[in-house]
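Colleague: Sequence and computational prediction follow.
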Amino acid sequence: MMHSDHLIARAREGDKNAQGRLVQLWYKRMYNFAYKFFFDHDLAMEVSQKTFISMHKNIGALQEVSRFKSWLYTIAVNYCREEARKKKTSRSMSLHDLRPGERDESYRWEETHHRTANPERLLQQSELSDLLQECLLELSEEQREVVIMKEYEGLKFREIADTLNISENTAKSRMYYGLEALKRILEKKNITKETIGYEL
């Protein structure tokens, strides 16, 4: 991320311009995380907005500048969990809730792997990306959080552990079982590593 400890320090001291700059730098990542968690644009927007409102209110209490990243993800995770609880009380979360026409602006899973860029291939990639996203929703929330943070957001296990207030071994365990569960889900849908072009 293109920001400095100095910028975070200024924001912590109440500098509104610095806080606004942090929002610009981190908004897309928070939105992407929430979108991957829910596969829902409106919920991702809701979580993102709440996350940065909370950041503005509470950044002054941030003890260590170096912990800003995990601190911000912690806020986002808590709001994701809150929205998930609300969703469960109103209706069961299912694939029928998805909006097939929506596309997020995050980098797609397959874009981390080199592929031939022709229209037919891109369409297949888009469809596979949405299918993989749907499979993520079938993981437990604990596993989904870790898989998204590691595979999509590129966080280190130390950062994930810090964010979720768990040990690194627990983070690694959730990652392992999450990927194993994801493989089983993909197998049920007859999606193989040959289909997606790489192995989980």
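Modeller: That came through fine.
Colleague: contacts and neighbour counts: CA atoms only from here.
Modeller: Will do.
Colleague: what number of residues lie near residue 60?
Modeller: When neighbours are defined as other CA atoms under 10 Å, residue 60 has 14 of them.
Colleague: That one contacts residue 9, correct?
Modeller: No. Look at residue 60 against residue 9 with CA atoms under 8 Å: they stay out of range, at 9.1 Å.
Colleague: Need the CA coordinates for stretch 19-27. PDB is fine.
Modeller: In PDB, the C-alpha atoms belonging to stretch 19-27 read as follows (Å, rounded to 0.1, in the frame of the first residue of the first chain):
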ATOM      1  CA  GLN A  19      -7.800  10.400   7.400                       C
ATOM      2  CA  GLY A  20      -9.400  11.200   4.000                       C
ATOM      3  CA  ARG A  21      -6.200  10.000   2.300                       C
ATOM      4  CA  LEU A  22      -6.300   6.700   4.200                       C
ATOM      5  CA  VAL A  23      -9.900   6.200   3.100                       C
ATOM      6  CA  GLN A  24      -8.800   6.700  -0.600                       C
ATOM      7  CA  LEU A  25      -6.000   4.300  -0.200                       C
ATOM      8  CA  TRP A  26      -7.900   1.500   1.600                       C
ATOM      9  CA  TYR A  27     -11.500   1.800   0.400                       C
END
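Colleague: what mean pLDDT does it have?
Modeller: Model confidence over stretch 19-27 averages 96 on the pLDDT scale.
Colleague: buried residues in that stretch?
Modeller: By neighbour count, with 16 or more other CA atoms under 10 Å as the criterion, the buried positions of stretch 19-27 are 19, 22, 23, 26, 27.
Colleague: now swap in stretch 29-43 and tell me
Modeller: For stretch 29-43, burial by neighbour count (16+ other CA under 10 Å) applies to 29-41, 43.
Colleague: Residues touching stretch 168-177, excluding its own?
Modeller: The set of residues external to stretch 168-177 that reach it, using CA atoms under 8 Å, 6 or more residues apart in numbering, is 142, 143, 146, 147, 157, 158, 160, 161.
Colleague: let's see it at 7 Å
Modeller: Contacts to stretch 168-177, defined as CA atoms under 7 Å, 6 or more residues apart in numbering, come from residues 143, 146, 147, 157, 158, 160, 161.
Colleague: ditto for stretch 45-60
Modeller: The set of residues external to stretch 45-60 that reach it, using CA under 7 Å, 6+ apart, is 12-14, 19, 23, 27, 30-31, 34, 75-76, 79-80.
Colleague: Including distance to residue 87 and secondary structure, could these go into CSV?
Modeller: Conversion of the contacts of stretch 45-60 to CSV gives the following (distance: CA to CA, whole Å; DSSP: H, G, I helix; E, B strand; the rest coil):
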residue, distance to residue 87, secondary structure
12, 33, helix
13, 36, coil
14, 35, coil
19, 31, helix
23, 26, helix
27, 23, helix
30, 19, helix
31, 18, helix
34, 14, helix
75, 18, helix
76, 16, helix
79, 12, helix
80, 10, helix
